[in-house]
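Undergrad: Predicted model and sequence follow; I will ask about them next.
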Amino acid sequence: MSMKVLVVGGGGREHAIAKALARNDACELYAVMAKKNPGIAGLCKDFLLCKETEVDKVAEYAVKMNIKYAVIGPEAPLAAGLADCLEEKGISCVGPKRLAAQIETDKAFCRNLMREYDIAGCPKYNIFHDPVKAEEFIRNYGGDLAIKPIGLTGGKGVAIMGEHFDKEGAIKYIHEIGGEVVLEERLLGEEFTLMAFVDGEHLVPMPLVQDHKRAFEGDVGPNTGGMGSYTLADHKLPFVKADDYKDAIAIMKDVVASMKKMGNVYKGMLYGQFMITKDGPKVIEFNARFGDPEAMNLLTLLSSDFCNIVEKIASGTLSDADVEFTHKATVCKYIVPEGYPDSPQPNCDIEIGDIGDAVLYYANVVEEGGKLKTQTSRTLAFVGMADTLEDAEKIAEKACQSVSGKIRHRKDIGTVEVLNKRIAHMKEIRQ
Ligand code: AMP
Ligand code: GLY
């Protein structure tokens with residue numbers, strides 16, 4: 001019997017979700033996306049072009065198509081209560097309901113949850129609703145701070161004193177964004193992503209990933225949604241010690257247990273972004289969904305049946321045995337329009353050449369008259385998978401080089417040089 005699954009979202013992450021689901025022949029795929037992603041459209045029996053946040057329209061479509069399960073990719077529909085609406089109509093969602101999604105959509109909620117339930121890894125923080133009070137705090141604070149708008153910003157609203165600006169610049173920024181902020185101690189260390197499948201109670205972790213948020217090589221320039229990411233064959237990262245890893249898992253489990261206790265049962269993917277500091281792992285943030293690009297690494301690696309995982313999440317019966325990943329390294333590199341993220345060049349033709357062994361995921365790109373055209377966000381991604389990081393990087397890089405047009409990518413992602421730099425940085429921090 002076929003299993004009707006709806007994928008919500010039209011980016012690279014959702015293409016990876018669709019592709020992983022489609023590996024099961026029994027899966028009949030449907031999608032809702034704002035623009036037609038050529039990769040997703042090619043895998044679906046039918047799709048609706050509509051904003052993912054138009055909850056009623058999405059739900060109406062899901063009911064009409066007799067959908068059984070929905071996998072929700074981006075955060076915006078979660079914030080708009082799509083999971084609540086679909087669940088009401090008897091459609092099981094991989095993606096939390098609105099109140100549980102606050103773990104991502106409301107940074108003050110996230111920090112207060114950690115404080116209230118005494119969850120480890122929470123940096124020192126203060127919440128403000130008034131720019132004058134926030135300014136006063138900054139003026140009197142001895143060190144550097146991370147400045148985080150409370151609501152969703154597409155990953156681009158956080159700014160760090162000592163990195164993006166000095167004290168006066170920070171104060172100016174606070175006034176620009178209106179003073180609804182969390183100010184927290186600036187952490188120093190290396191970042192990594194730990195994602196897990198969660199069925200409301202059980203948490204099954206995925207391999208560790210490192211994303212690259214900065215726009216340009218050498219980790220400089222503005223923050224982006226993520227320019228690329230890598231994983232290693234042992235599913236760990238060499239600068240994350242065994243104890244740090246255990247602590248990070250415990251933090252994630254505590255979050256799931258606390259959410260349940262407070263009545264906001266959490267189902268879906270939980271994304272933990274951590275910074276390894278000299279005092280162990282600290283939480284930068286949680287997301288209520290797969291990371292993008294991280295999902296492309298992990299769903300390429302996933303060797304077990306994603307449809308089965310979806311069913312188990314829905315029924316609350318997920319166990320470690322349901323989730324396996326191939327022991328290979330992966331490197332994911334995003335191709336982005338020239339000028340991204342500040343002034344991206346949309347509507348430019350691109351052509352994909354010989355991509356060798358790489359896996360292609362379409363993202364914010366449209367097909368017109370048989371030609372692919374850039375939009376304003378990340379265009380497409382390539383994943384290389386191999387026994388070693390070096391080989392995986394070569395596969396992804398070769399595929400990126402094959403693309404012509406007004407686009408660019410970060411050549412340094414997944415290189416051994418960058419990995420060694422991370423290891424050396426962490427050594428320095430721990431001294
Ligand atoms: P976020 O949108 O919360 O993921 O933050 C974007 C980026 O800001 C992160 O990837 C970190 O590099 C940086 N960041 C966030 N919080 C902190 C912090 N407390 N200390 C240092 N850097 C931070
Ligand atoms: N790669 C970062 C994110 O998905 O938020």
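TA: On my side now, so go ahead. Ligands and ions are numbered 1, 2, ... in the order given.

Undergrad: Provide a list of residues in contact with the closest residue to ligand 2 within the stretch 101-250 of the chain.
TA: Nearest residue of the stretch 101-250 of the chain to ligand 2: residue 226, at 3.4 Å (CB to the nearest ligand atom). All C-beta atoms are positioned from the backbone trio N, CA, C, and that covers glycine. Going by CB atoms under 8 Å, 6 or more residues apart in numbering, residue 226 touches 155, 211-213, 291-294, 334, 378.

Undergrad: what are the phi and psi angles of it?
TA: Dihedral angles of residue 226 (phi, psi; degrees, to the nearest 10) stand at phi 130, psi 120.

Undergrad: just the one 5 residues further on next, same as before
TA: The phi/psi pair for residue 231 (degrees, to the nearest 10) reads phi -130, psi 160.

Undergrad: Kindly report the same for residue 299.
TA: Main-chain torsions, residue 299, degrees, to the nearest 10: phi -80, psi -20.

Undergrad: repeat for residue 346
TA: Dihedral angles for residue 346 - degrees, to the nearest 10 - are phi -90, psi 170.

Undergrad: can I assume it is in contact with residue 337?
TA: Yes: the criterion here is CB atoms under 8 Å, and residue 346 meets it with residue 337 at 6.5 Å.

Undergrad: Count residues in the vicinity of residue 391, would you?
TA: 16 (other CB atoms under 10 Å).

Undergrad: Same question for residue 178.
TA: 13.

Undergrad: Relative to ligand 1, how far out is the nearest residue to it once chain neighbours are set aside?
TA: Using CB to CB, 6 or more residues apart in numbering and skipping residues adjacent in sequence, the residue nearest residue 178 is residue 131, 6.5 Å away. Using CB to the nearest ligand atom, to the nearest Å, residue 131 is found at 20 Å from ligand 1.

Undergrad: Who are the contact partners of residue 131?
TA: By CB under 8 Å, 6+ apart, the residues touching residue 131 are 174-175, 178-179.

Undergrad: For it, give me the pLDDT.
TA: On pLDDT, residue 131 comes in at 93.

Undergrad: Equivalent analysis for residue 128, please.
TA: Per-residue confidence (pLDDT) for residue 128: 93.

Undergrad: Check the one 10 residues further on too.
TA: Listed pLDDT for residue 138 reads 94.

Undergrad: burial count for whichever residue of the stretch 251-400 of the chain sits closest to ligand 2?
TA: Going by CB to the nearest ligand atom, ligand 2 is nearest to residue 291 of the stretch 251-400 of the chain, at 3.6 Å. Applying other CB under 10 Å, we find 25 residues neighbouring residue 291.

Undergrad: And the most far-flung residue of the chain relative to its centre, how close does it get to ligand 1?
TA: Distance from the C-alpha centroid of the chain peaks at residue 140, with 34.5 Å (CA atoms, centre = their mean). To ligand 1, residue 140 is 18 Å away according to CB to the nearest ligand atom.

Undergrad: Next, give phi and psi for residue 420.
TA: Main-chain dihedrals, residue 420, degrees, to the nearest 10: phi -60, psi -30.

Undergrad: ok, now how distant is it from residue 316?
TA: 43 Å (CB to CB, to the nearest Å).

Undergrad: Find residues that contact each of residue 346 and residue 337.
TA: 374-376.

Undergrad: out of the residues you listed, who has the most neighbours?
TA: Busiest of these [other CB under 10 Å] is residue 374, holding 26 neighbours.

Undergrad: which residue sits closest to it, ignoring its sequence neighbours?
TA: Residue nearest to residue 374 in three dimensions, not counting chain neighbours: residue 337, with 4.3 Å by CB to CB, 6+ apart.

Undergrad: can you check residue 344 too?
TA: Distance criterion CB to CB, 6+ apart; nearest residue to residue 344, sequence neighbours excluded, is residue 337 at 4.0 Å.

Undergrad: Where does the residue nearest the centre of the chain sit, in terms of helix or strand?
TA: Against the mean C-alpha coordinate of the chain, by CA atoms, centre = their mean, the closest residue is residue 291 at 1.5 Å. When elements are defined using DSSP states H and E, residue 291 is found to belong to no helix and no strand.

Undergrad: Identify the residues contacting it.
TA: Each residue near residue 291 by CB under 8 Å, 6+ apart is listed here: 13, 193, 195, 209, 211, 226, 229, 271.

Undergrad: switch the cut-off to 10 Å
TA: Shown in contact with residue 291 (CB atoms under 10 Å, 6 or more residues apart in numbering): 13, 155, 193-195, 206, 209, 211, 225-226, 229, 269, 271-273, 297-298.

Undergrad: Next: residue 296.
TA: Per CB under 10 Å, 6+ apart, neighbours of residue 296: 11-13, 15-17, 19-20, 209, 226, 228-229, 290, 330, 332-334, 359, 361, 363, 381-383.

Undergrad: Mind checking which of these land in helices?
TA: Taking DSSP state H as the definition of helices, the contacts of residue 296 contribute 12-13, 15-17, 19-20.

Undergrad: wait, which of those is closest to residue 368?
TA: Proximity of the ones in helices among the contacts of residue 296 to residue 368 (CB to CB) peaks at residue 15, which lies at 18.4 Å.

Undergrad: Now do the closest one against residue 397, distance only.
TA: Distance from residue 15 to residue 397, counting by CB to CB: 20 Å.

Undergrad: And those two? Which one has more around it.
TA: residue 15 (32 against 22).

Undergrad: my read: that one touches residue 29, true?
TA: No: using CB atoms under 10 Å, residue 15 makes no contact with residue 29, being 11.3 Å away.
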